[in-house]
Each structure stands twice: as structure tokens, then as C-alpha cells.
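Participant: sequence first, then the predicted structure, then my questions.
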Amino acid sequence: MENVSILHPIVKAPELPAFVTRRVDRFHNERVAIDWGGRHILRGRAPRPNDLMLQSNDYLAIAGHADIVEAQRAALAEGGLGMMMSALFQQDADQPLHRAEAELARAVGSQDGILAQSGFAANVGLIQSLAGERVPVYIDMLAHASLWEGIRSAGAKAVPVLHNDVAHLERQVLRHGAGVIVVDAVYSTNGSLAPLADIAAVANAQDCVLVVDESHSLGTHGARGEGLVASLGLNDRVHFITASLAKAYCSRAGFIACTTRFKDYFGCEALPAIFSSSLLPHELAGLSAAHRVIQTETWRRQRLRSVTRRVRRELTAMGFPIGDGTEQIVAFEAGQEILTGHVRDVMERRGIFGSVFSAPATTVNRSLLRLTLHAGMTDADVDRLLDACRDARDELALPDWSATRRAQRGNGRTAATEAVIDVA
């Protein structure tokens with residue numbers, strides 16, 4: 001068949017005005033040249049085939065699961081890409097979209113659910129639809145950027161709360177009044193657990209709405225992957241559960257657990273819901289297949305928990321300052337970005353690849369290398385990770401890390417590995 005594609009000639013775009021040029025120049029001349037030592041912080045060396053990749057959020061190692069792949073293939077073969085339109089126009093309860101929503105809602109113990117295009121879209125849309133102008137939104141300092149963006153786009157009043165500090169949360173609510181409290185169940189930068197029962201008690205006593213982002217606990221926590229809210233019996237005290245399904249579920253989607261009455265309101269109020277196309281049939285088929293795998297293959301959660309316990313226990317014994325967290329996300333928090341780049345280089349030379357997190361993904365001077373553990377790690381993989389960390393310990397300059405200094409001030413939890421909540 002003749003190739004009829006036509007390449008349009010490349011034409012230089014017009015020069016950007018000064019107010020934009022200044023911002024671009026500041027990035028290259030200050031952030032890259034000074035803060036990052038002249039090298040883009042996300043550009044390490046290329047991994048080799050046998051390197052240990054600890055960057056993916058596929059906590060249960062199901063991305064290549066045969067049942068999930070086949071479900072997507074069959075959906076594509078049967079119906080192609082489906083109809084390109086907003087979910088707002090899919091009102092038939094028997095639509096695959098609404099069946100998948102109901103399936104997830106039942107799993108987390110909620111009356112109904114909403115599927116969005118991403119966890120970011122779910123969180124932004126939810127906060128937009130909850131918090132009007134100047135409504136106080138109490139947000140943990142380490143909460144995900146999508147929650148902060150939801151506050152900004154709603155015109156609401158962000159009231160920061162010290163990380164996992166329930167007493168500070170209560171003082172802030174007493175000062176500013178009833179509003180919305182937003183927390184992560186498991187925090188994405190350091191793997192720490194929120195004290196959900198205590199936070200729910202404050203929300204209930206002060207007439208606040210409570211939103212819990214379960215992006216890093218849905219699928220990985222609970223007897224059947226139902227997440228922390230359900231496994232801890234807190235459904236009657238948590239108004240909304242949200243989650244990015246691009247973690248344990250390996251699906252390009254976001255989820256909100258809510259009532260049916262709120263779902264009808266959300267569809268006509270949240271801008272991401274109104275102005276974005278619905279999930280496609282093969283995405284929904286893959287999501288449902290992933291849900292079945294997550295519910296039935298309980299060994300994956302057990303393996304993840306076993307790997308997490310061992311890695312955290314042995315890294316702590318080596319003196320790594322990882323006591324802020326307890327779960328499958330392990331943070332090597334160096335603090336300064338140039339030092340984080342050094343930590344990345346040291347680990348990559350030993351074949352261990354993590355993900356660099358820096359501002360705006362972290363607060364200033366708390367940049368880190370994140371190692372994401374997963375159920376597919378063999379004992380040999382765990383040995384390799386621990387051997388690399390043991391060998392690299394002196395070269396990593398642990399005394400200079402911000403996490404080390406914080407632990408020395410008494411704010412770090414040195415026995416965190418003993419506090420892992422076992423709900424698997």
C-alpha cells in the first residue's frame with residue numbers, strides 16, 4: 001500500500017515573550033545549572049537488562065498478567081475503541097463503565113463509585129465539587145499534589161497540617177472552622193501510614209468532610225485488597241475514598257467511592273468529569289480483570305508484605321534513616337537535590353534504579369530517591385538490593401541526609417519497621 005502521509009516542513013515558532021522566557025531561563029540557569037549541578041536530575045544512566053528496577057507502582061506485579069492482557073485484547077477485538085464521549089452521557093446503569101464502578105464500590109464497602117480518567121482528575125474534581133470559595137481544606141503537608149491542585153482550582157482556603165500530627169489538625173480546625181480534611185492513607189513519598197482512626201474522630205467531632213486518598217493502599221492492604229479504610233472498619237466515618245488505579249491496579253484511571261446521590265451531582269459539577277472523555281472499553285475490561293486478580297491472588301499481598309518487612313528491617317539495622325515510613329515505598333531522603341542526584345548515581349552504578357522525587361513532588365530541601373518494592377521481587381532480588389545498600393553505605397553520605405538530621409532531632413520513628421500494620 002502506497003504511503004500517502006505528507007510531512008509538513010518544520011517552521012520555527014515565534015519567540016516567546018519576556019515573561020515566559022524569564023521562567024524558562026530560570027529553570028535552566030538556576031535549577032539545572034546550580035541546584036542540579038549542571039545535569040538534569042531525572043536523567044541518570046540507561047538501565048541494563050539485568051538491573052533491578054524499583055520505579056514502577058505495580059506493587060503486586062500484575063502488569064503482564066495473562067488474564068488482564070487477554071481481557072483487554074478481547075475487548076479491543078470485539079468493540080474496538082468504543083465511543084469517544086464524556087461519561088456524563090453514559091446514563092444507562094448497564095454500561096460497562098457503571099458496572100466497573102459498582103464492582104469497585106462494593107469492594108471498598110461504598111454505596112457507589114465514580115471512575116475518572118486518572119487519580120489526578122478524580123482528586124481535582126472531588127475537591128472542586130466539595131469546597132467552595134474560601135472553604136478551609138485541611139491538608140497534610142505530604143498529601144499528593146492533585147489534592148493541593150484541587151484546592152487551588154476550587155478557590156478554597158488551603159490550611160496545611162503537619163504530617164500525621166492529629167493534635168495540630170485539631171488545633172487548625174478549631175481555629176478555622178468546619179471544612180474538608182484530606183489525607184493519604186499511605187503517603188507516596190515516604191511510605192508512612194496516616195493515623196486514620198484518630199483523624200476520623202477529629203472530622204466527626206468538628207463536622208468536617210473527610211477524604212482519604214487510597215492510591216497506595218487500595219489493592220495492597222486488606223484481606224482482599226479493599227484498602228485501609230475498609231479493613232480498619234472506618235467506612236461509616238470517611239465520606240470519600242479516592243484512588244489512582246495506576247498503582248496496584250495497573251490501570252490508567254482514578255476512582256472515587258461515594259453515595260449515588262453525590263455521584264449524580266459530581267457528574268454535572270466537576271470539570272474533569274464534564275470535559276474529559278470516558279474510559280475506553282479495553283481499559284474497563286483490563287480494570288475488571290485486574291480487580292479479580294487482586295481479590296483472588298492473595299499471595300501477592302503476602303509476598304509484598306514479606307519483602308517490605310525484610311527490606312525495612314535490614315536497612316534500618318544498617319543505619320539508613322527510613323523510619324518515617326513503614327510500607328512498600330522506601331525513601332532515601334537526601335534533602336538537597338544535588339545530593340539526591342549523587343545518591344541516584346551511587347545506586348545506579350550498582351544496578352539499582354529508583355525514582356528521583358524533588359520539588360514540586362516534595363517540599364523544598366526534602367528531595368529523595370524512592371525505591372518501590374513489589375511482589376515480583378525474588379529472594380535473590382532482595383539480597384541484591386540489600387547487598388548494594390550495604391556496599392554503598394559510606395559512599396551515600398548518610399550523615400548529610402535531611403532524614404538523618406531529622407531523626408537525630410527526635411522526630412524520626414526509629415522503630416518503624418515494628419509498627420507495620422498487618423492487614424494482609
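Facilitator: Great, that's in hand.
Participant: in the protein, where is pLDDT below threshold?
Facilitator: Within the chain, the stretches with pLDDT under 70 are 1-5, 84-89, 93, 411-424.
Participant: ok, longest helix in it?
Facilitator: Ranked by residue count, the top helix of the chain under DSSP state H comes out as helix 299-318.
Participant: go through it and flag the buried ones.
Facilitator: For helix 299-318, a neighbour-count test (16 or more other C-beta atoms under 10 Å) marks 300-301, 303-305, 307-308, 310-312, 314-316 as buried. All C-beta spots, glycine's among them, are computed from the backbone N, C-alpha and C.
Participant: what's the answer for stretch 34-46, then?
Facilitator: 35, 36, 41, 44.
Participant: repeat for stretch 318-335
Facilitator: Per 16+ other C-beta under 10 Å, stretch 318-335 contains these buried residues: 320-335.
Participant: distance from the chain centre to the longest helix of the chain, please.
Facilitator: Distance of helix 299-318 from the chain centroid (C-alpha atoms, centre = their mean, to the nearest Å) equals 20 Å.
Participant: which ones among the buried residues of stretch 318-335 lie within strands?
Facilitator: Using DSSP state E, the members of the buried residues of stretch 318-335 that fall in strands are 329, 330, 331, 332, 333, 334, 335.
Participant: which residue sits closest to residue 289, ignoring its sequence neighbours?
Facilitator: Residue nearest to residue 289 in three dimensions, not counting chain neighbours: residue 71, with 3.7 Å by C-beta to C-beta, 6 or more residues apart in numbering.
Participant: buried sites along the helix or strand harbouring that neighbour?
Facilitator: Assigned by DSSP states H and E, residue 71 falls within helix 66-79. For helix 66-79, burial by neighbour count (16+ other C-beta under 10 Å) applies to 68, 71, 72, 75.
Participant: circling back to that earlier point, of the ones in strands among the buried residues of stretch 318-335, closest to residue 108?
Facilitator: Minimum distance to residue 108 across those is 20.8 Å, recorded for residue 329 (C-beta to C-beta).
Participant: which helix or strand contains the nearest residue to the closest one once chain neighbours are set aside?
Facilitator: Distances taken as C-beta to C-beta, 6+ apart put residue 191 closest to residue 329, at 3.4 Å, once the chain neighbours are dropped. Using DSSP H and E, residue 191 maps to neither a helix nor a strand.
Participant: what comes into contact with the helix or strand containing residue 121?
Facilitator: For residue 121, the host element (DSSP H and E) is helix 119-130. By C-beta atoms under 8 Å, 6 or more residues apart in numbering, the residues outside helix 119-130 that reach it are 114, 116, 137, 144-147, 149-151, 153-154, 156, 180, 182, 209, 211, 213, 215, 240, 242-246, 254-256, 265-266, 269-273, 276.
Participant: just give me how far that helix sits from the chain centre.
Facilitator: Per C-alpha atoms, centre = their mean, the centroid offset for helix 119-130 relative to its chain is 14 Å.
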